[in-house]
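Asks: whatever this is, show me its structure:
(one chain, ligands or ions: 2)
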Amino acid sequence: MFSLVVLAAGKGSRMKSPLPKMLHLLMGEPLLEYAIEKADVLGPRRLSVVIGHGREQILERFSDRQFGAERDICWAVQEEQLGTAHAANVGIESLFPDGEENGDAGDVLILNGDLPLLRPETLQQMLNCHDESNADITVLTCVKSDPAGFGRIIRTDGNEDQEGLLQDIIEEGDADEAAREIQEINVGTYLLKPSVFFRHYKAIGTDNQQGERYLTDVVVQAARAGDKVVTIGVKDENDTSQVNNQRELATAQAHMRNRLIEEYLDAGVQIDDPSSTYIEKGVEISAGAKIHPFCVIRRGSKIGPGCEVGPFSHLRPGVVLEENAKVGNFVEIKNSRMGAGSKTNHLSYIGDGDVGERVNIGAGTIFANYDGENKNKIQVKDDAFIGSGSVLVAPVTVGKKARTGAGAVVLRGRDVPDGETVVGVPARQHNAKKDNTGKSQD
Ligand code: UD1
Ligand code: CA
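Replies: Ligands and ions are numbered 1, 2, ... in the order given. Have a look, this model is predicted:
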């Protein structure tokens, strides 16, 4: 049994942004979400998230968030950001509410909040290794082609059979030329016995470049005192990208984008050009759907089987495309349903729409959903035909098999009855002559 502590109180000054670092989005989700998701998968006994800088904003965004099967997150406050060891101390203490036995929370997995790409499987391996080797502390490391920005791992001399033991962790700011050459880095994830942490936490100082209490010093103190400190390596260096600044955010985002695309491809989605496709996290795409080049698909969209999207489409949150629906060139859709077999192929904006089945939406159609104060709904029922360049002003309904002529402006509240055709500006009923088949002749 173990508990998880996420360190998320830092200001993230290097981001040079007014937003707390943990709220920066990576493929549509805040950084902190990626840390909490690891708890959903791993199922720790408790989860404590240490917050400080910008905590009101963080709590606002995450107020409804629980983890696992509806379990509450413990939000621990670090009033002043005095370093990662201080943050860990706040987090670990919060796991032991008054009167509880220390052993109850189990060993503690401490995770820096800015490691979105770290896989739960890696953390699971770390948990297994920690148990099997009966370690006091297990540290995650990685050999990186570019170790810049990370703490470097210093080891004793090893031999062919055994790598050297962890001897020191030197932060980049405290490192000399030789230490900077070292490619093995501290990922920022530790599994430790709380008693071992507390013992060494008391002993560490702030004699370093940042004048902070370093969690890495706790690890080093423990190793020097003869506690069993074990390391485990991450093979894929992309998994260990951290986010300290905007460059690293962009890099981490590129890795995550590729990872998500591979997941969609493996699930049977056809993506013509992965390099120009941006699909955020949490999009549901059925096997057999086709995504053409240059599309942006934001989180919370659902794309059914047989659908085609793109090229050059923008699906914003809340879009549902039912079976065989098509969204084409230069179309933006937001918070809308497109029923089975419906098409909007060219140059349109569909906002807050509920479009039925087999509807054809002509080129250049606009759903005018916003009246300057409120967003309103537009309903287009089954088999309707919206002529090119139509503007539908919300709230309004276009009935079943109804038609709008090219350039029609259908005013708010002026619902088009089933089967009727409207034309003009503002749109009025079109009195077309009908032949005895009931078909319009024009
Ligand atoms: C830390 C490690 C470094 C490692 C790197 C990789 C230390 C001293 N250094 O450096 O060895 O290679 O992570 O991930 O630990 N935080 C708080 N309160 C604080 C300070 C930080 O909650 O007082 C949180 C931050 O929000 C962040 C995490 O701790 O999520 C790590 O802090 P950060 O400033 O990113 O540490 P690094 O300089 O990257
Ligand atoms: Ca960091």
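Asks: residue numbers of this protein in contact with ligand 2?
Replies: Within reach of ligand 2 by Cβ under 5 Å from the ion, the chain has these residues: 114, 242, 244. C-beta coordinates here come from the backbone N, C-alpha and C atoms, glycine included.
Asks: would you check that the last one makes contact with residue 14?
Replies: Yes. Residue 244 is within contact range of residue 14, at 4.8 Å (criterion: Cβ atoms under 8 Å).
Asks: sorry, back to before: among the residues of the chain next to ligand 2, who's most crowded?
Replies: In terms of neighbours by other Cβ atoms under 10 Å, the residues of the chain next to ligand 2 top out with residue 114 at 26 neighbours.
Asks: any idea whether that one is helix, strand or coil?
Replies: Under DSSP: H, G, I helix; E, B strand; the rest coil, residue 114 falls in the coil class.
Asks: what residues are up against it?
Replies: 12, 21, 22, 31, 188, 242, 243, 244 (Cβ atoms under 8 Å, 6 or more residues apart in numbering).
Asks: just those residues: which are in helices?
Replies: Mapping the contacts of residue 114 onto helices (DSSP state H) picks out residue 31.
Asks: for the residue in the stretch 301-442 of the chain positioned nearest to ligand 1, give me its contacts.
Replies: The stretch 301-442 of the chain approaches ligand 1 most closely through residue 317 (26.5 Å), counting by Cβ to the nearest ligand atom. Residue 317 is in contact with 298, 299, 300, 301, 334, 335, counting by Cβ under 8 Å, 6+ apart.
Asks: include pLDDT when you put these into CSV, please.
Replies: What follows is the contacts of residue 317, written out as CSV (pLDDT from 0 to 100):
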residue, pLDDT
298, 98
299, 96
300, 94
301, 97
334, 98
335, 98
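Asks: most neighbours among the residues you listed, please name it.
Replies: Ranking these using other Cβ under 10 Å puts residue 301 first, with 23 neighbours.
Asks: I'd say it and residue 314 touch.
Replies: No. Taking Cβ under 8 Å as the definition, residue 301 is not a contact partner of residue 314, at 10.4 Å.
Asks: returning to that earlier point: let's see which of the contacts of residue 317 end up in strands.
Replies: Residues of the contacts of residue 317 located in strands (DSSP state E): residue 334.
Asks: and which of the contacts of residue 317 is nearest residue 5?
Replies: Nearest to residue 5 among those, counting by Cβ to Cβ, is residue 299 at 26.9 Å.
Asks: got the contact list for the closest one?
Replies: When contacts are counted by Cβ under 8 Å, 6+ apart, residue 299 touches 27, 28, 29, 280, 281, 282, 283, 317.
Asks: for the stretch 1-150 of the chain, which segments are assigned as strands?
Replies: With DSSP state E, counting those that start in this stretch, the ranges of strands along the stretch 1-150 of the chain come out as 2-7, 25-26, 29-30, 47-51, 74-77, 107-112, 137-143.
Asks: not counting sequence-adjacent ones, nearest residue to residue 106?
Replies: In this structure, residue 106 finds its nearest non-sequential neighbour in residue 1, 3.7 Å apart by Cβ to Cβ, 6 or more residues apart in numbering.
Asks: can you pull the contacts of the residue in the stretch 251-400 of the chain that ligand 1 sits nearest to?
Replies: The nearest approach of the stretch 251-400 of the chain to ligand 1 comes at residue 252, 11.7 Å away (Cβ to the nearest ligand atom). Residues near residue 252 by Cβ under 8 Å, 6+ apart: 26, 116, 117, 241, 242, 243.
Asks: likewise residue 408?
Replies: 387, 390, 391, 422, 423, 424, 425, 427.
Asks: switch the cut-off to 6 Å
Replies: Taking Cβ atoms under 6 Å, 6 or more residues apart in numbering, we find residue 408 in contact with 390, 422, 423, 427.
Asks: which of those fall in strands?
Replies: Filtering those for strands - DSSP E - leaves 422, 423.
Asks: most neighbours among the contacts of residue 408, which one?
Replies: Neighbour-wise, those (other Cβ under 10 Å) top out at residue 390, 27 neighbours.
Asks: partners of the nearest residue to residue 343 once chain neighbours are set aside in the sheet?
Replies: Distances taken as Cβ to Cβ, 6+ apart place residue 326 nearest to residue 343, at 4.4 Å, with adjacent residues excluded. Per DSSP bridges, residues listed as beta-bridge partners of residue 326: residue 308, residue 343.
Asks: residue 326 contacts residue 344, doesn't it?
Replies: No. Taking contacts as Cβ atoms under 6 Å, residue 326 lies outside contact range of residue 344: 7.3 Å.
Asks: which one's more surrounded, the two?
Replies: residue 344 (29 against 21).
Asks: same list (the contacts of residue 408) but as TSV, adding distance to residue 63.
Replies: Listed next are these as TSV, based on distance: Cβ to Cβ, whole Å:
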residue	distance to residue 63
390	41
422	46
423	50
427	45
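Asks: what does the protein have sitting close to ligand 1?
Replies: Within the chain, the positions near ligand 1 by Cβ under 6 Å from any ligand atom are 7-10, 50, 78, 81-84, 86-87, 112-115, 150-151, 169, 171, 185-188, 214-216, 242, 244.
Asks: how about low-confidence regions in the stretch 101-250 of the chain?
Replies: Judged by pLDDT under 70, the stretch 101-250 of the chain has its weakly predicted residues at 101-104.
Asks: could you pull out the helices for it?
Replies: Using DSSP state H, counting those that start in this stretch, the helices of the stretch 101-250 of the chain run over residues 120-132, 177-180, 194-201, 215-224, 246-266.
Asks: do you know which of those helices lies nearest residue 57?
Replies: Nearest to residue 57 among the helices of the stretch 101-250 of the chain is helix 246-266 (17.4 Å), distances taken as Cβ to Cβ.
Asks: following the closest one, which helix or strand shows up next?
Replies: strand 270-271 (DSSP states H and E).
Asks: packing partners of that following strand?
Replies: Strand 270-271 sits against no helix or strand, with contacts defined as 3 or more Cβ pairs under 6 Å, 6 or more residues apart in numbering; DSSP states H and E.
Asks: can you rerun that using 8 Å?
Replies: Applying 3 or more Cβ pairs under 8 Å, 6 or more residues apart in numbering; DSSP states H and E, we find strand 270-271 packed against helix 246-266, strand 290-291.
Asks: and the contacts of the last one?
Replies: Outside strand 290-291, the residues within contact range by Cβ under 8 Å, 6+ apart are 264, 269-272, 277, 279, 285, 297, 303, 307-310.
Asks: recalculate using a threshold of 7 Å.
Replies: 269, 270, 271, 272, 277, 308, 309, 310 (Cβ atoms under 7 Å, 6 or more residues apart in numbering).
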